[in-house]
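> Provided below are the primary sequence and the corresponding predicted coordinates.
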Amino acid sequence: MFESELDLHEATFELTMGTRDVIRGVTRASVPGRHLVESTMFLAAWMKSDADRTTGVTRSRLLAALRDEGERYSHPGLLEELGETVGVIYESGMATDGEPLYAVVQDTFGEYLAARWVFENVRDDEALARRVAGMMAVGRFDAGWQYVLELAERRRRPRADLLIQLRRAAEDILDQADRARVVGMLG
């Protein structure tokens, strides 16, 4: 059926937020298509790039991150759409002040969304490698880094060159345990 896990995720992405619908500005949600897609990928990458964010982030912090990233990501009903309609974020607990915590799905689809956003928004291979190595160091990007390599290959960017850059970026990680984890993942 699918040749790779990436194929499965790309098909899921198309079903959830299909390219034709996105281009026309239509989704299964009320948020304009392009905003929903970009916001979903941004939040997945943002939440998976910091260990403090992987277990949950308050609604106010999520909304602030979206506003900080730009107007196109800030939409009044976005979090509800991402949670109820698309299903990529969920309420993961409560903060000490009683505010609900939200997390991005921790499965491989969440990693795919993060990988796709990072790949599409970081053009330089060296910067891309640093960003991916940093996400790997957090410990929530076990499959995502491989998706980045596959996406690069599918878009005619040399996979081997990016892997070399990833190895270099891994050597620059300051924390020894994090560095060892990333180097071990890269093989």
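Arrived safely. Residues are numbered from 1 along each chain as shown.

> shaky segments in the protein?
1-2, 15-36, 51-55, 71-76, 85-86, 106 (pLDDT under 70).

> Please parse it into its domains.
5-104, 122-186 (automatic domain parsing).

> Start and end of the longest one, how far apart?
Spelled out, it's domain 5-104. For domain 5-104, the first-to-last residue distance is 19 Å (C-alpha to C-alpha, to the nearest Å).

> rewinding a little: tell me which of the domains of the chain approaches Arg116 most closely.
Arg116 lies closest, by C-beta to C-beta, to one member of the domains of the chain: domain 5-104, at 5.4 Å. C-beta: built from backbone N, CA, C; applies to glycine.

> Checking the residue most central in space within the chain next. Helix, strand or coil?
For the chain, the residue nearest the mean C-alpha position is Ala114 (1.3 Å; C-alpha atoms, centre = their mean). Following DSSP: H, G, I helix; E, B strand; the rest coil, Ala114 is assigned to helix.

> Count the neighbours of Arg156 for me.
6 (other C-beta atoms under 10 Å).

> Pull the distance from the longest helix along the chain to the chain's centre.
Longest helix in the chain, counting residues (DSSP state H): helix 33-48. Here helix 33-48 is found 7 Å from its chain centre; the criterion is C-alpha atoms, centre = their mean, to the nearest Å.

> Whichever helix or strand comes after it packs against which elements?
Following helix 33-48 in sequence order, the next helix or strand is strand 57-58 (DSSP states H and E). Using 3 or more C-beta pairs under 8 Å, 6 or more residues apart in numbering; DSSP states H and E, the elements in contact with strand 57-58 are strand 100-104.

> hmm, 10 Å instead?
For strand 57-58, the elements it packs on are helix 33-48, helix 59-69, strand 89-94, strand 100-104, judged by 3 or more C-beta pairs under 10 Å, 6 or more residues apart in numbering; DSSP states H and E.

> neighbouring strands for that strand, and are they parallel or not?
strand 100-104 (antiparallel) (DSSP bridges).

> Which residues belonging to the strand it pairs with are considered buried?
Within strand 100-104, the residues that qualify as buried by neighbour count (16 or more other C-beta atoms under 10 Å) are Leu101, Tyr102, Ala103, Val104.
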